[in-house]
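K.L.:
One predicted model, sequence on top.
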Amino acid sequence: MSSSDHAAPTRCENCGASLLGRFCARCGQSVVNPVRHAGHALEDVFESFWHLDGRVFRTLADLRVPARVACDYLAGHRARYIAPLRLFVILSVLTFFVAQFTVQLDQDTVILRNDAADTGDAQTAIGRATTVAEVERLRDQALQKLATAKAEMAAIPGAAMGMDALMADVRALAQSRIAVLQSRAAGQPPAPPGSLATPPAAAVAADPPASETGFMVTSDAGDWAYAGKPWDEHANPVKLPGVLAFAQGWFNQQLGKAKGNLPRIQQDPNLYKDAAIGAIPTALFVLVPIFALLLKLAYLRQRRLYLEHLVVALYSHAFLCLSLLGMFALIGLERWLAPAAAWTGAVIGLLEAALWVWMPVYLLLMQKRVYAQGWAMTLLKFTLLGGAYFLLVMFATILVVLVSFVRA
């Protein structure tokens, strides 16, 4: 290839106008052809994504102060900042990319899940027991195993509470099954629905009535039932009232995928974790415009445009992503430092707690400074908006959980 192939062109390759600098004065296209220069191609990628001209660093620096970036952007001072949508995309992708490597389901989590699964088997066995002595024996065995697991995992936050809940379920199930067996032995009719003697789900599953029409998972091995029969995507699909046939077919297809993924997830829970984290950015992209709509309704009398509220929502979520990124970084740092210096765990724990506290305080200050209302009204609207948005997040979380089972 001759040196003339790399000579700077004198006319724009896009519109043919004469070139006097690095960019065309008519259409704005760059003189450099990224197809011919690998270095410039890489530079274009980073420049188009990050705009590495100092704005990314100025935006992140000012984002630390509640409402500074949003207020400046809405006031017309946009040159020094990255556009809110681009910033949100960058931070959300980066945050959950880092989360894939820092959030791990360790062996203790797997042990806890296995103990819960074993408890489910014990509950099923209790529900099928035919004598009071058998129920008491199965109950005592399950309680002893849970007590041992509780002692082994005393250092895991929340594990003791989870074990206590499982033990309470076992006791309640055993008591209900004993009451049913005693009623049968005395020749009395079954207790009416809603009474204390009504057996829980595991006991009912042992002798399902002929009119049973619900969907249920009858064991951890993946035995799924619908309408009292083994569930099958084609032979015995779940029927949704008022839903078109193609939608029901799609729903049962997703159930089939989830059932196929369940053994893999039980074997390696990190598969589910990866799928869940991968689905979160999509959920956020849906939630952000909804949050902007809530802001529009809350401040309807200010006559602001919806896009102004969208700017506030985008910068708010960008800050949340940045905070979560810091949280995940602290988690990774703790995993790295804890084996060599155990005391660092306490320090990092304090930093994580401070970050959790700072997030709602930041959002409250941001809302106060952007919309400039009194504290009483701001606190009221912040509480209402937070409650409504929390419900939306919980709904989105449930969807993420379901989608993750299908995609894992």
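P.N.:
Cool, got the structure.
K.L.:
burial measure for Ala342, as a count.
P.N.:
Ala342 has 9 neighbours, counted by other Cβ atoms under 10 Å. No exception for glycine: its C-beta is placed from N, CA and C like everyone else's.
K.L.:
need the strands for the chain, in chain order.
P.N.:
215-217, 224-226, 229-230 (DSSP state E).
K.L.:
by contact count, what packs against the second one?
P.N.:
Spelled out, that is strand 224-226. Counting contacts by 3 or more Cβ pairs under 8 Å, 6 or more residues apart in numbering; DSSP states H and E, strand 224-226 is packed against strand 215-217.
K.L.:
Quick check, Tyr226 in contact with Val238.
P.N.:
Yes - with contact defined as Cβ atoms under 8 Å, Tyr226 counts as touching Val238 (5.3 Å).
K.L.:
Report the contact partners of the closest residue to Leu351 other than its chain neighbours.
P.N.:
Nearest in space to Leu351, with sequence neighbours left out and distances taken as Cβ to Cβ, 6 or more residues apart in numbering, is Leu330 at 5.8 Å. Leu330 makes contacts with 348, 351-352, 355, as judged by Cβ atoms under 8 Å, 6 or more residues apart in numbering.
K.L.:
ok, back up a step: confidence-wise, which of the strands of the chain is weakest overall?
P.N.:
Mean pLDDT is lowest for strand 215-217 among the strands of the chain, at a mean of 53.
K.L.:
Out of the contacts of Leu330, which end up buried?
P.N.:
Ile348 (16 or more other Cβ atoms under 10 Å).
K.L.:
Would you check which pair of the contacts of Leu330 lies furthest apart?
P.N.:
With Cβ to Cβ as the measure, no two of the contacts of Leu330 lie farther apart than Ile348 and Leu355, at 10.4 Å.
K.L.:
sorry, back to before: closest to Leu94 out of the contacts of Leu330?
P.N.:
Closest approach between the contacts of Leu330 and Leu94, by Cβ to Cβ: Leu355, at 16.9 Å.
K.L.:
Find me the pLDDT at the closest one, would you?
P.N.:
93.
K.L.:
I'd say it and Leu325 touch.
P.N.:
No - here Leu355 does not reach Leu325: they are 10.5 Å apart, not a contact under Cβ under 8 Å.
K.L.:
Tell me how far the nearest residue to Asp164 once chain neighbours are set aside lies from Gln144.
P.N.:
Once flanking residues are discounted, Asp164 sits nearest to Lys150: 7.5 Å by Cβ to Cβ, 6+ apart. Using Cβ to Cβ, to the nearest Å, Lys150 is found at 11 Å from Gln144.
K.L.:
now swap in Phe97 and tell me
P.N.:
44 Å.
K.L.:
which one of those two has more residues nearby?
P.N.:
Phe97 (14 against 10).
K.L.:
And the pLDDT for that one?
P.N.:
85.
K.L.:
Give the full set of residues in contact with it.
P.N.:
Here Phe97 is in contact with no residue (Cβ under 8 Å, 6+ apart).
K.L.:
again, but for Ser92
P.N.:
Ser92 neighbours (Cβ under 8 Å, 6+ apart): 281, 284-285, 317, 321.
K.L.:
Please pull out the lowest mean pLDDT helix or strand from this protein.
P.N.:
helix 201-206 (a mean of 43; mean pLDDT, DSSP states H and E).
K.L.:
what comes up buried for stretch 125-141?
P.N.:
125-129, 135, 138-139.
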